[in-house]
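[1] okay, predicted coordinates and the sequence, questions at the end:
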Amino acid sequence: MLAPSPIPFTGNPLDRASERRGDREWLAERWADPASLAVALWNGQPLVESAGEGVQIAYVQADLARAAAPDEERQALLGMWKDTAVFAVDFDGAVDPAAGPLQGLGRFEDLRTVAGQLPGPDAGVCATAKGLFEWARRTRHCSVCGHAVVAADAGWKRLCPACDAEHFPRTDPVVIMLAAHGEQCLLGRQPRFPKGMWSALAGFVEPGESIEEACARELKEEAGLIATEVRYHATQPWPYPASLMIGLIAEVSGTEATPDQTELEAVRWFTRAEARTLIAGELPGAWAPPPLAIAHHLIKAWAEAEA
Ligand SMILES: [Zn+2]
């Protein structure tokens with residue numbers, strides 16, 4: 001068994017039961033089972049309820065959820081929790097389902113806002129459902145022939161009835177790296193960042209590129225740095241809408257760095273002691289991303305490592 005990760009959106013505890021997704025008879029039985037549950041999402045926001053100091057998923061009985069969202073295009077099987085099937089249903093539009101068919105069952109909250117208050121497994125389940133529905137919503141037509149596609153395999157596949165092409169949920173790899181040289185690490189500022197916030201550099205992996213090569217290219221493009229060694233730290237599913245953040249620590253050849261002025265407006269070197277203070281929220285005028293972001297964990301891991 002994998003050790004639990006402190007990184008939000010990992011840790012979905014469900015058995016994804018991928019071998020059962022195509023079994024329509026079994027799925028019908030699971031939907032009809034009064035013990036089966038569903039997570040509801042409205043415009044990407046999960047239905048939650050208060051639990052102690054925080055919140056938790058407000059699970060809805062599956063048949064009730066299906067009655068509220070009867071279109072198969074808006075349903076998915078997330079998996080099994082022991083013997084209990086866990087589905088997800090998707091709502092959109094301006095009308096809050098918690099003021100309609102799901103009245104009294106919970107409230108919809110922005111996932112990014114409540115992720116830190118949700119138990120880790122719940123945040124992982126919500127990230128799975130959100131990622132799947134974001135993909136479904138953006139995959140209405142066949143990318144081969146343009147015909148409208150239909151949902152299959154309990155929401156995990158979309159089929160083209162015209163050319164038989166099968167479409168699967170996409171995951172876009174993004175490298176996010178802390179550049180380090182000796183006892184200093186480099187963080188950058190994008191123009192859209194809140195004032196004073198510094199974060200790790202990042203970019204999408206391109207076709208024909210290894211993760212290490214993407215990391216080296218981004219460091220060169222955005223800050224003029226030359227990577228000499230790239231180490232894997234951890235990854236994070238990031239359902240905005242379909243990224244997999246690949247956290248890396250990259251040794252670079254020197255400290256001469258220049259922001260490209262398009263992606264980055266500024267770069268700054270931090271000593272290990274400064275990075276520790278930054279993560280603790282105690283460095284005057286400078287902020288690290290919150291623990292929701294893998295960048296926070298990257299900076300923290302490097303800051304707390306022995307030299
Ligand atoms: Zn097609």
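    Structure's in. What do you need? Because the structure is a prediction, the values reported are computed rather than measured.
[2] can you name the residues that contact the spatially most central residue of the chain?
    The structure's the chain has its C-alpha centroid closest to residue 238; by Cα atoms, centre = their mean the separation is 1.7 Å. Taking Cβ atoms under 8 Å, 6 or more residues apart in numbering, we find residue 238 in contact with 9, 127, 174, 244-245, 294. In short, each C-beta sits where N, CA and C put it, glycine included.
[3] redo those as CSV? Include neighbour count.
    Compiled in CSV, these are given as follows (neighbours: other Cβ atoms under 10 Å):
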residue, neighbour count
9, 25
127, 24
174, 21
244, 15
245, 23
294, 27
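[4] from these, pick the one nearest the ion.
    Set against the ion, the nearest of those by Cβ to the ion is residue 244 (26.3 Å).
[5] what helix or strand is that closest one on?
    When elements are assigned from DSSP states H and E, residue 244 belongs to strand 243-252.
[6] from the chain's centroid, how far away is that strand?
    Centroid separation for strand 243-252 versus its chain: 15 Å, with Cα atoms, centre = their mean, to the nearest Å.
[7] after that strand comes which helix or strand?
    Toward the C-terminal end, the helix or strand that comes next after strand 243-252 (DSSP H and E) is strand 266-271.
[8] which phi and psi does residue 217 have?
    According to degrees, to the nearest 10, the main-chain angles of residue 217 amount to phi -60, psi -50.
[9] I'd say it and residue 209 touch.
    Yes - under the criterion of Cβ atoms under 8 Å, residue 217 lies in contact with residue 209, with a separation of 7.1 Å.
[10] and the strand holding residue 244, what does it pack onto?
    Contacts of strand 243-252 with other secondary structure elements, assessed using 3 or more Cβ pairs under 8 Å, 6 or more residues apart in numbering; DSSP states H and E, are made with strand 172-181, helix 211-223, strand 227-238, helix 294-304.
[11] what angle separates that strand from strand 172-181?
    When axes from the mean of the first three to the mean of the last three Cα atoms, to 10 degrees is applied, the directions of strand 243-252 and strand 172-181 differ by 20 degrees.
[12] quick one: strands adjacent to strand 243-252?
    Based on DSSP bridges, the strands next to strand 243-252 in the sheet, each with its direction, are strand 172-181 (parallel), strand 227-238 (antiparallel).
[13] mind checking which of those is nearest residue 53?
    Distance to residue 53, taken as Cβ to Cβ, is lowest for strand 227-238 among the strands paired with strand 243-252, at 24.0 Å.
[14] give the buried residues for that closest one.
    Buried residues in strand 227-238, counting neighbours by 16 or more other Cβ atoms under 10 Å, are found at 227, 230, 233-238.
[15] please apply the same query to stretch 73-91.
    73-80, 85-91.
[16] for the stretch 51-200 of the chain, which segments are assigned as strands?
    Counting by DSSP state E, counting those that start in this stretch, the stretch 51-200 of the chain has strands at residues 54-57, 60-61, 75-81, 84-91, 107-108, 150-152, 157-159, 166-167, 172-181, 184-189.
[17] one step back: from the buried residues of stretch 73-91, which single one is nearest residue 189?
    Minimum distance to residue 189 across the buried residues of stretch 73-91 is 35.6 Å, recorded for residue 90 (Cβ to Cβ).
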